[in-house]
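# give me a 3D structure for the following:
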Amino acid sequence: MYKDILVPLANTAADDLTLAYGIALAREHDAHLSALVTVALSIPFGFEMTSFPAEIYNQLHEMERARGEALAQRMRERLRPMDISWEVRCVESPMLPTFDVAVMHARHADLTIVPGAVDRADYANATFADLLTGSGRPVLVLPPKHEARSSFRQVVVAWQPTREATRAVHDALPILQRAARVDVIVVDPKVDDAHHGEAPGADIATHLARHGVHANVVALPSMGATTAQAIMRFVGESGADLLVAGGYSHSRLREHVFGGVTHGLFWQSPFPVLFSH
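Have a look, this model is predicted:
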């Protein structure tokens with residue numbers, strides 16, 4: 001069950017979307033929603049040619065605190081009429097980067113919701129990678145300009161026999177158990193004991209059935225596309241609301257340089273993806 005949902009806020013247009021999903025999921029799962037506002041305070045650096053008087057930093061800190069409190073107050077006004085348990089946390093961070101603060105708080109939540117990135121320098125890019133690999137919790141990524149929905153009725157699980165995919169299936173159980181339809185897809189499965197076994201996807205479908213989730217197993221040929229493209233093609237054609245996938249089964253550096261399934265889904269998916277590591 002999801003009982004604690006975290007939404008880190010970045011003071012961008014995407015905050016409305018992530019908060020809307022947080023509200024909907026908190027209501028559906030009777031969970032507590034925490035909206036996190038991080039005030040990143042500037043740190044003085046002692047370089048001879050670029051040092052500033054302490055008063056300058058004091059003024060900067062007051063401006064940063066005012067911006068953070070303004071965002072926190074807007075979120076309180078948004079959440080006040082909602083019929084859910086909620087809080088807005090406003091945390092000052094003079095040392096840690098904003099995304100490291102989000103990681104610390106995510107470790108005490110069941111699910112963290114973040115927006116997808118718009119460009120390579122986007123704050124969301126660093127936040128997602130650090131949350132996924134550092135928090136030990138699942139991360140729900142919402143594509144920019146996606147329309148919030150109250151529930152995930154049709155879900156696709158991208159399955160491969162890896163630690164990351166196994167974690168993703170387990171972390172998504174509260175959603176899978178409420179879904180009207182669940183498809184488990186295996187892309188270009190290797191039929192042998194060291195990989196997918198004699199019946200690719202059958203074992204995880206049996207496991208899900210014991211949790212009350214009756215899944216349809218689909219062996220999916222990539223047909224010359226990348227694995228990420230094949231997955232997205234299936235999700236798009238099936239009309240699913242959510243994809244569940246393991247994240248970073250290869251190193252983040254390798255994904256960044258050579259690409260990979262996580263990299264492709266994060267940057268290109270037009271629908272929400274629940275990742276686990």
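# C-alpha only now, for contacts and for neighbours.
Noted.
# identify the bridge partners of Phe275.
Phe275 has these beta-bridge partners by DSSP bridges: Val139, Ala245.
# and for it, the neighbour number?
By other Cα atoms under 10 Å, the residues close to Phe275 number 28.
# wait, it sits on Leu242?
No. Phe275 lies out of contact with Leu242 (Cα atoms under 8 Å); the separation is 10.7 Å.
# hey, where'd the helices end up in the stretch 151-277 of the chain?
Secondary structure of the stretch 151-277 of the chain by DSSP state H, counting those that start in this stretch: the helices cover 163-171, 173-176, 202-210, 227-238, 252-258, 261-268.
# mind putting those helices into CSV with mean pLDDT and mean neighbour count?
Formatted as CSV, the helices of the stretch 151-277 of the chain follow (pLDDT from 0 to 100; neighbours: other Cα atoms under 10 Å):
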stretch, mean pLDDT, mean neighbour count
helix 163-171, 97, 19
helix 173-176, 98, 20
helix 202-210, 96, 15
helix 227-238, 96, 18
helix 252-258, 44, 12
helix 261-268, 91, 20
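# picking that back up, what sits in contact with each of Phe275 and Leu242?
Counting by Cα atoms under 8 Å, 6 or more residues apart in numbering, no residue touches both Phe275 and Leu242.
# ok, now which ones touch Ser269?
143, 232.
# do you know the pLDDT at it?
Ser269 carries a pLDDT value of 93.
# now do the phi/psi pair for it.
Dihedral pair for Ser269: phi -60, psi 130, per degrees, to the nearest 10.
# gap between it and Arg89?
30 Å (Cα to Cα, to the nearest Å).
# so what's Ala109 up against?
3-6, 137.
# nearest to Pro97 among these?
Leu6 (17.5 Å; Cα to Cα).
# mind listing the strands for this protein?
Counting by DSSP state E, one finds strands in the chain at the ranges 4-9, 32-40, 85-93, 111-115, 139-142, 154-158, 181-187, 215-220, 242-246, 273-276.
# adding mean pLDDT and distance to Gly201, write those strands out as a markdown table.
Output for those, formatted as a markdown table (pLDDT from 0 to 100; distance: least, Cα to Cα, whole Å):
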| stretch | mean pLDDT | distance to Gly201 |
| --- | --- | --- |
| strand 4-9 | 97 | 30 |
| strand 32-40 | 95 | 34 |
| strand 85-93 | 95 | 38 |
| strand 111-115 | 95 | 25 |
| strand 139-142 | 96 | 23 |
| strand 154-158 | 98 | 10 |
| strand 181-187 | 97 | 7 |
| strand 215-220 | 96 | 6 |
| strand 242-246 | 97 | 14 |
| strand 273-276 | 98 | 18 |
